[in-house]
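Predicted model and sequence below, questions to follow.
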Amino acid sequence: MKKKFVSVGISFIVFVTLISSTTLAIATMGLTIPPTPGYVQSKDDLPSMVTHPHQTFPFNRQFTTTAFDIVDVLEQINEPLLRGYDEDLVNFGPRVTGTPACDQAAVYLYNEFTSMGLPTRYHNWSYSGYKGSNVEATLQGDDDNIFIICAHYDTVETSPGADDDGSGTAAVLAAASILRNYPMEHTIRFVAFSGEEQGLLGSHEYAKDAASQGTPIIAVLNADMIAFAITTDDGNKVQIFENDESEWIVDYTIDISQVYAPYIGLTVLPQGETWGSDHYYFWQYGYDAVFYFEQHFNEYYHSSQDTMEHMNFTYYVKTSRLIIGTLAALCQQPTPRLQIGDITGGFEVNAQILNIGDITAENVNWSIRVTGGLLKLINRENSDTFDSLSSGAMENGTLRPVIGFGPVSINVSADSALTTKVYKDVDGFVLFMYVVVRS
């Protein structure tokens, strides 16, 4: 884990009461603590739940060279692209969850994603009297490992939300508009949440549904307030919040910032845990997630002055390049991919185990099982491990002998440290010591 930089000094804080005395807007100088949702006063006001165990999915977490040029992606991220999307969002005015303006913004997001040719859906939710829609677009990769880039498009009552969080949402749209043109090893979901200011409600419901469905989310990149900087020093740093399990995403982000430093120009400052944005409930449901946040806390946060005029677009391009570049590299991260090939019979059962992925699979575990026969008397299994299986290579697993008579089921499986388990089942017939495999 890279060294963490934690700010301990606060020059001054001015608290301004907003929205029926329930929300605080903070004007700051040199403040490096994260934001909190507008309509809650503490973590205790968030939806309660039992924290889920950490979910581990096989994935190569070390940065390697990608299949396409990340520089080409980074150079397409510019001020006109980001400004255009953010201005569209700001033009809806304050986008309070449940209001027509927020609903219209959701339609806008849906239409933008669909115009890019991406399968798009509304993820409708309701919680404790609130209801809203998350908007999700999907760029399908070669496998079903999922990476999420997300932001919230809702605001507090008085704010047009240019930075909080039009900046993050516009970056999500920019990511979709660019990355849709590249083949991906892994699947990307571009998600815009509502209900953030009411207590992370939209992301709570989304993460809950994902966990209940066993969705293999490898990493979540949450962008919330990434476009405000005053000094040159502010403009050269970005904060990232993570829990222990998600430190690998921080390390990966730092690698991207260093490898592509001429195009990004940011020092990444890990900050540890915080609960105040949409990454939080992914942690609670066992997923790895990080939260990207500007170095200097926006002085116009949760106010009518959170406008385009107070954004630093030079800085905004840099933070967007960092986040989208990290996403692009992650989703091109090479991985082994196992496949069960032909299953053949005779006086033994043979199964082809193939690696159709891009890198070597280490410690490939395989198993062949034959069950059934007359009176269900046949139950034979063999398993073993190949030390490695290089990209494009094939090995045979073998089961012998199989003795009996009658129809059988033949079940083959294989997995490795960086792959999910694959299966293939076929029917057969055993004639004493000879196995006939039915295609």
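It's in.

correct me, but Gln333 touches Glu185?
Yes - here Gln333 lies in contact with Glu185, judged by CB atoms under 8 Å, at a distance of 6.5 Å. No exception for glycine: its C-beta is placed from N, CA and C like everyone else's.

ok, those two, which is more surrounded?
A direct count of neighbours by other CB atoms under 10 Å for Gln333 and Glu185 places Gln333 higher, at 22 against 19.

Leaving out the residues flanking it, which one is nearest to that one?
Leaving aside its sequence neighbours, Gln333 sits nearest to Asn60 (CB to CB, 6 or more residues apart in numbering; 5.5 Å).

Tell me how many other residues surround the one you found.
Asn60 has 17 neighbours, counted by other CB under 10 Å.

Mark out where each domain of the chain begins and ends.
Using automatic domain parsing, the domain ranges for the chain come out as 12-330, 338-438.

least reliable of these going by mean pLDDT?
Note on the domains of the chain: lowest mean pLDDT is at domain 12-330, with a mean of 92.

Residues in a beta bridge with Phe293, which ones?
Phe293 has the following beta-bridge partners by DSSP bridges: Gln239.

That one: what's it in contact with?
By CB atoms under 8 Å, 6 or more residues apart in numbering, the contact list for Phe293 reads 34-35, 224-226, 238-241, 277.

With Tyr280 instead?
Tyr280 is in contact with 46, 200, 203, 274, 289, counting by CB under 8 Å, 6+ apart.

Shouldn't Val191 be within a strand?
Yes - remark: Val191 belongs to a strand, assigned using DSSP: H, G, I helix; E, B strand; the rest coil.

Could you measure from it over to Leu221?
Distance check for Val191 against Leu221: by CB to CB, to the nearest Å, it reads 10 Å.

Looking at those two now, which is surrounded by more residues?
More crowded of Val191 and Leu221, by other CB under 10 Å: Leu221, with 28 against 25.

Does the more buried one lie in a helix or a strand, and which?
Here Leu221 is covered by strand 217-223, with elements defined by DSSP states H and E.

Give me the distance from that strand to the chain's centre.
In terms of CA atoms, centre = their mean, to the nearest Å, the centre of strand 217-223 is found 3 Å from the chain centre.

Equivalent analysis for stretch 421-428, please.
Centre-to-centre, stretch 421-428 and its host chain are 31 Å apart (CA atoms, centre = their mean).

and what of stretch 115-124?
That offset, for stretch 115-124, works out to 17 Å (CA atoms, centre = their mean).

Which pLDDT value belongs to Ser7?
Looking at Ser7, its pLDDT stands at 36.

quick one: Ile353 is in a strand?
Yes - membership of Ile353 in a strand is supported by three-state DSSP.

For Phe282, see how far away it is.
Here Ile353 is placed at a distance of 34 Å from Phe282 (CB to CB).

Pick out whichever of these two has more residues nearby.
Taking neighbours as other CB under 10 Å, Ile353 and Phe282 compare with Phe282 leading, 28 against 25.

Please give me every residue in contact with that one.
By CB under 8 Å, 6+ apart, Phe282 lies in contact with 148, 203, 207, 217, 220, 222, 288-289.
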